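Trainee: Provided below are the primary sequence and the corresponding predicted coordinates.
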Amino acid sequence: MAQRSKVPLLQSELPGRTPFRGKVRDVYDFGDRLLFIATDRISAFDWILPTGIPDKGRVLTQLSRFWFDLLQVPHHLVSMDPADVPLPTGTDIDALQGRSMIVRKTKVFPIECVVRGYLSGSGWKEYKGKQTVCDLPLPSGLTESHQLPEPIFTPATKAESGHDENISFERMTEILGTDRSQELRKFSLSIYTKAADFARSRGIIIADTKFEFGLVDDQVILIDEVLTPDSSRFWPADRYQAGGPQPSFDKQFVRDWLESTTWDKNSPPPAIPDEVVTQTRDKYVEAYERLTGTTFAWK
């Protein structure tokens, strides 16, 4: 299909309704259900960029659906059809198709449940200074992107804006209690292990990922987007080599381009060039196709 850099759905519009707008997603409240709309917005360095990535929201939504089906764990997804909620007259339903999830409303735990299988990102930065990740001691002699002896659970507090803050498991227990914290840790590690084994069979390493959970009738269920390039680090297995940064299936093209500009990261960011938009879209689509074994196509 033709690729384009001018993306109409940088934000959704439901006449007469005001959404909660996150960095890349709009959320509408319909009582006991929510309508999640994954837009084509992209963020980097805590800024929403003025240029979108065509079909990005659809890739993330369809990939989340794939994982919900594969993992077979309790989750919040009810329907992929936005018409299953009472949309206001005049809503452009076609624009919402493929990027919408109707989900159960839950009591959301205020913790990002991060699982790391490899030493990267903020974990690598902490390890270099203290030989720990979220205060968990690790063996000496590890290098950047090194596979850990076993996956580790490293929670973080959720932030409305800016970076989430890594916390210790002990701090998590102070927030949620010991039993619930242990339950979320066990659930997170179990999901990660199953997903990482599957992804490796499809040629992708899930270096780390973050999960969110909610509570419905005292049952913990998996919520939010799941195991996407926006919530995870995906690396091509055939190019993996510990000792430095890895190529990835995410917005790294955008980050690299921004780093090459004169942008100061303190003022509104510049528009993304067409070639960077195309490269970024291609990586998102490639991740989807590798994992699902199907061709991504949307008219």
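Mentor: Good, I have the coordinates.
Trainee: so how far is Ser79 from Ile206?
Mentor: Computed as CB to CB, to the nearest Å, the Ile206 to Ser79 distance reads 27 Å. Bear in mind the C-beta positions are built from the backbone N, C-alpha and C, glycine included.
Trainee: neighbour count winner among the two?
Mentor: Between Ile206 and Ser79, counted using other CB atoms under 10 Å, Ile206 has the larger neighbour count: 24 against 14.
Trainee: Report the contact partners of the more buried one.
Mentor: Residues in contact with Ile206 (CB atoms under 8 Å, 6 or more residues apart in numbering) are 117, 192, 195-196, 199, 227, 232-234.
Trainee: which of those count as buried?
Mentor: In those, burial by neighbour count holds for 117, 192, 195-196, 199, 227, 232-234, counting by 16 or more other CB atoms under 10 Å.
Trainee: Give me the distance from the longest helix along the chain to the chain's centre.
Mentor: Under DSSP state H, the helix in the chain containing the largest number of residues is helix 178-201. The chain centre lies 16 Å from the centre of helix 178-201; the measure is CA atoms, centre = their mean, to the nearest Å.
Trainee: and that helix, C-alpha only, in CSV?
Mentor: Taking C-alpha atoms only, helix 178-201 is exported to CSV below (Å, rounded to 0.1, in the frame of the first residue of the first chain):
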residue,chain,number,x,y,z
THR,A,178,2.8,-8.2,50.0
ASP,A,179,0.3,-10.7,48.7
ARG,A,180,-0.9,-8.6,45.7
SER,A,181,2.7,-7.6,44.8
GLN,A,182,3.8,-11.2,44.8
GLU,A,183,0.8,-12.1,42.7
LEU,A,184,1.6,-9.5,40.1
ARG,A,185,5.3,-10.4,40.0
LYS,A,186,4.4,-14.1,39.4
PHE,A,187,1.8,-13.2,36.7
SER,A,188,4.3,-10.9,34.9
LEU,A,189,7.1,-13.4,34.9
SER,A,190,4.8,-16.1,33.6
ILE,A,191,3.5,-14.0,30.8
TYR,A,192,6.9,-12.8,29.8
THR,A,193,8.4,-16.3,29.7
LYS,A,194,5.6,-17.6,27.5
ALA,A,195,5.8,-14.6,25.2
ALA,A,196,9.6,-14.6,25.0
ASP,A,197,9.7,-18.3,24.1
PHE,A,198,7.1,-17.8,21.3
ALA,A,199,8.8,-14.6,20.0
ARG,A,200,12.2,-16.3,19.8
SER,A,201,10.6,-19.0,17.7
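Trainee: Measure how the helix or strand following it sits relative to helix 178-201, angle-wise.
Mentor: Using DSSP states H and E, the helix or strand that follows helix 178-201 towards the C-terminus is strand 204-216. Counting by axes from the mean of the first three to the mean of the last three CA atoms, to 10 degrees, strand 204-216 lies at 150 degrees to helix 178-201.
Trainee: Return the set of buried residues in strand 204-216.
Mentor: Taking 16+ other CB under 10 Å as the basis for neighbour counts, the residues of strand 204-216 that come out buried are 204-214.
Trainee: and if you look at stretch 14-28?
Mentor: 14, 19, 22, 24-26, 28.
Trainee: What is the nearest of the residues you listed to Asp69?
Mentor: Minimum separation from Asp69 among the buried residues of stretch 14-28 (CB to CB) is found for Arg25, which lies at 20.5 Å.
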